[in-house]
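Engineer: structure for the following, please:
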Amino acid sequence: MPTSGLFSRNLKKAFPLAIRGEGCWIVDESGGRFLDAAGQAAVVSIGHGVAEIGHAMAEQAAQIAFAHTSQFHNEPAEKLASRLLALAPTNFRNGGRVYFTSGGSEATETAIKLVRQYHVETRHPERYRVVSRRQSYHGSTLGAMSVSGNVARRAPYAPLIAEWGHIAPCFCYHCPFGKTFPQCEIACAEDLETFVREHQTETAAAFIFEPVVGATLGAAVPPEGYARRIAEICQKSGILLIADEIMTGMGRTGKPFAVQHWGIEPDIILLGKGVASGYAPLGGVLASARVVEAIGAGSGAFIHGFTYQAHPVCTAAGNAVLDYLEAHRLFERVSPAGKNLREALASLEKHPHVGDIRGLGLLLGVEFLRDKATREPFLKSDNIAEKVRQAAVAEGVLTYPTQGCVDGHRGDHLLLAPPFTISEEECKLVENALTLALKKVFPS
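Structural biologist: Coordinates of the predicted model:
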């Protein structure tokens, strides 16, 4: 392969060329076929190679490919906004609006500024802190990194990043308080109230959280009552609640939005990844009627913008993906497909180094431990998650490895987030590949 001109994610690594996608499979330049059990970082929901999505994009590009939002709106963006609001919790349906971006990190940046302007417009200019959780990840831009609590990802950029405050993660398997649910009385949620009280309620502007924590904790699902308690604290403290659904949104957990599992109504919902299933760069910020009304009754103008926001071709892709999801009833397939995958992985629980298999819908995590009895993680230098990933690739299955779920440095897991179309047979292929991968990584 000739020297690449691309600035890749790792300059010391050679990357194969992805040539074609077919359903849950990716084909490389040598003809190798790989089962995409990660949905390419929990992005691909409808599967690869769905021709009608490309056709819809081409049709829109031939009609009008771009019109700047300072001068025009466009039909596909208007249509997609209405459809997303109709899927959202009820507080978004009458007066809510959608701000489209080119991806999740832009959505987080937009939400941070929207929160700030909301408080300025409502005459609380002292409010600016967007509080989040340790071990969280909300995007790679500097604003998004400010509200991310992932130690390793923040470290190189620490001098550039604001510190607005982080509370305990909601992670029962490695509880930061050493407690057990329900006797813990959801101490991780109460930590938000403690933080707000100790750091001056008047400066807190919002709280951002992933309803099910994706990459950094490996599909950690909150216990019953957590989401409701967080919502109560935010409402009582006068701060906005932001649900980061960049990974969990658009059906990934079995409902259009993960917050709907617990019946809460955030003020802002972030979208990315699955909203266009990888067919176009697209993200979004759903602003509830309450937030929109504050801006509308005040200055009327959101002081923020991206050149490519609400792009006609990208939003046409979003509409085509939503058409496909609805026509093939794929939202309804997520829960049974997730059950199939979870049952296929059950045999791995017997392995001495598989500590926990967790998740919701088609967002699952497999955590690896040095000692299951004490839940002691491997050393970071052991690089276990990456070794298992590589071994699984050799068996033709793609996964998403991450380190740091325990304390920001240690803690290895694989994230599994395949397309919603994954079959029972393909679930068994994932289990077989991981079984063989574990035998290679832990031969004794």
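
Engineer: hey, let's count contacts and neighbours off CA atoms from now on
Structural biologist: Will do.

Engineer: after the worst-scoring helix or strand of the chain on mean pLDDT, heading C-terminal, what element do we hit next?
Structural biologist: When each helix and strand of the chain is scored by mean pLDDT, DSSP states H and E, helix 151-154 comes last, with a mean of 89. Counting by DSSP states H and E, the next helix or strand C-terminal to helix 151-154 is strand 166-167.

Engineer: packing partners for that next one?
Structural biologist: strand 129-133, helix 187-198 (3 or more CA pairs under 8 Å, 6 or more residues apart in numbering; DSSP states H and E).

Engineer: got the CA coordinates for stretch 71-80 in PDB?
Structural biologist: The C-alpha coordinates for stretch 71-80 follow below in PDB (Å, rounded to 0.1, in the frame of the first residue of the first chain):
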ATOM      1  CA  GLN A  71     -30.700  33.300   4.300                       C
ATOM      2  CA  PHE A  72     -32.700  30.200   3.700                       C
ATOM      3  CA  HIS A  73     -34.300  27.100   5.300                       C
ATOM      4  CA  ASN A  74     -34.700  23.900   3.300                       C
ATOM      5  CA  GLU A  75     -37.400  21.300   3.000                       C
ATOM      6  CA  PRO A  76     -35.500  18.200   4.100                       C
ATOM      7  CA  ALA A  77     -34.300  19.900   7.300                       C
ATOM      8  CA  GLU A  78     -37.800  21.200   8.100                       C
ATOM      9  CA  LYS A  79     -39.200  17.800   7.500                       C
ATOM     10  CA  LEU A  80     -36.600  15.900   9.600                       C
END
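
Engineer: of all the helices and strands packed on strand 166-167, which one is nearest residue 400?
Structural biologist: strand 129-133 (21.8 Å; CA to CA).

Engineer: which helices and strands sit right next to the closest one?
Structural biologist: Judged by 3+ CA pairs under 8 Å, 6+ apart, the packing partners of strand 129-133 are strand 166-167, strand 204-209.

Engineer: let's have these in a markdown table, adding mean pLDDT, distance to residue 407 and mean neighbour count.
Structural biologist: Converted to a markdown table, the helices and strands packed on strand 129-133 look like this (pLDDT from 0 to 100; distance: least, CA to CA, whole Å; neighbours: other CA atoms under 10 Å):
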| stretch | mean pLDDT | distance to residue 407 | mean neighbour count |
| --- | --- | --- | --- |
| strand 166-167 | 96 | 14 | 22 |
| strand 204-209 | 97 | 18 | 25 |
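
Engineer: got these as JSON lines, with distance to residue 343 columns?
Structural biologist: What follows is these, written out as JSON lines (distance: least, CA to CA, whole Å):
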{"stretch": "strand 166-167", "distance to residue 343": "34"}
{"stretch": "strand 204-209", "distance to residue 343": "28"}
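
Engineer: so for the residue nearest to residue 281 when sequence neighbours are not counted, what's the pLDDT?
Structural biologist: The shortest distance from residue 281 to any non-neighbouring residue, by CA to CA, 6 or more residues apart in numbering, is to residue 102 (5.0 Å). On pLDDT, residue 102 comes in at 98.

Engineer: over to residue 63?
Structural biologist: Confidence for residue 63, expressed as pLDDT, is 98.

Engineer: closest to the centroid, which residue in the chain?
Structural biologist: What sits nearest the mean C-alpha location of the chain, by CA atoms, centre = their mean, is residue 247, with 2.2 Å.

Engineer: residues in contact with that residue?
Structural biologist: Contact analysis of residue 247 by CA atoms under 8 Å, 6 or more residues apart in numbering lists 42, 43, 214, 271, 272, 273, 274.

Engineer: secondary structure class for residue 252?
Structural biologist: Reduced to three states with DSSP: H, G, I helix; E, B strand; the rest coil, the structure at residue 252 is coil.

Engineer: thought it was touching residue 362?
Structural biologist: Yes: under the criterion of CA atoms under 8 Å, residue 252 makes contact with residue 362 at 5.8 Å.

Engineer: and residue 358, how many residues sit next to it?
Structural biologist: Neighbour count for residue 358, taken as other CA atoms under 10 Å: 17.

Engineer: now swap in residue 333 and tell me
Structural biologist: 18.

Engineer: over to residue 103?
Structural biologist: 22.

Engineer: also residue 118?
Structural biologist: Neighbours around residue 118, by other CA under 10 Å: 24.

Engineer: do I have it right that it meets residue 291?
Structural biologist: Yes: assessed by CA under 8 Å, residue 118 is found in contact with residue 291 at 6.5 Å.

Engineer: shouldn't the residue nearest to the centre of the chain be within a strand?
Structural biologist: No: using three-state DSSP, the assignment for residue 247 is coil, not a strand.

Engineer: any idea how far it lies from residue 415?
Structural biologist: 12 Å (CA to CA, to the nearest Å).

Engineer: quick one: common contacting residues for those two?
Structural biologist: Common contact partners of residue 247 and residue 415 (CA under 8 Å, 6+ apart): residue 214.

Engineer: hmm, back to that, quick one, which of the helices and strands packed on strand 129-133 is nearest to residue 392?
Structural biologist: Nearest to residue 392 among the helices and strands packed on strand 129-133 is strand 204-209; the distance by CA to CA comes to 30.9 Å.

Engineer: now the helices for the protein?
Structural biologist: Along the chain, the segments classed as helices by DSSP state H run 39-42, 51-63, 75-87, 104-121, 142-146, 151-154, 187-198, 226-237, 289-297, 312-327, 331-345, 384-394, 424-441.

Engineer: can you tell me which of these is most buried?
Structural biologist: helix 39-42 (a mean of 25; mean count of other CA atoms under 10 Å).

Engineer: in PDB, list the C-alpha atoms belonging to that one.
Structural biologist: C-alpha atoms of helix 39-42 as PDB (Å, rounded to 0.1, in the frame of the first residue of the first chain):
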ATOM      1  CA  GLY A  39     -21.800  -0.500  14.000                       C
ATOM      2  CA  GLN A  40     -18.600   1.500  13.500                       C
ATOM      3  CA  ALA A  41     -18.600   3.100  16.900                       C
ATOM      4  CA  ALA A  42     -22.400   2.700  17.400                       C
END
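
Engineer: which one of the contacts of residue 247 sits closest to residue 336?
Structural biologist: Residue 336 lies nearest to residue 42 out of the contacts of residue 247, by CA to CA, at 17.7 Å.

Engineer: per-residue pLDDT of the residue nearest to that closest one when sequence neighbours are not counted, please?
Structural biologist: Nearest residue to residue 42 in three dimensions, chain neighbours excluded: residue 417, at 5.0 Å (CA to CA, 6+ apart). Looking at residue 417, its pLDDT is 98.
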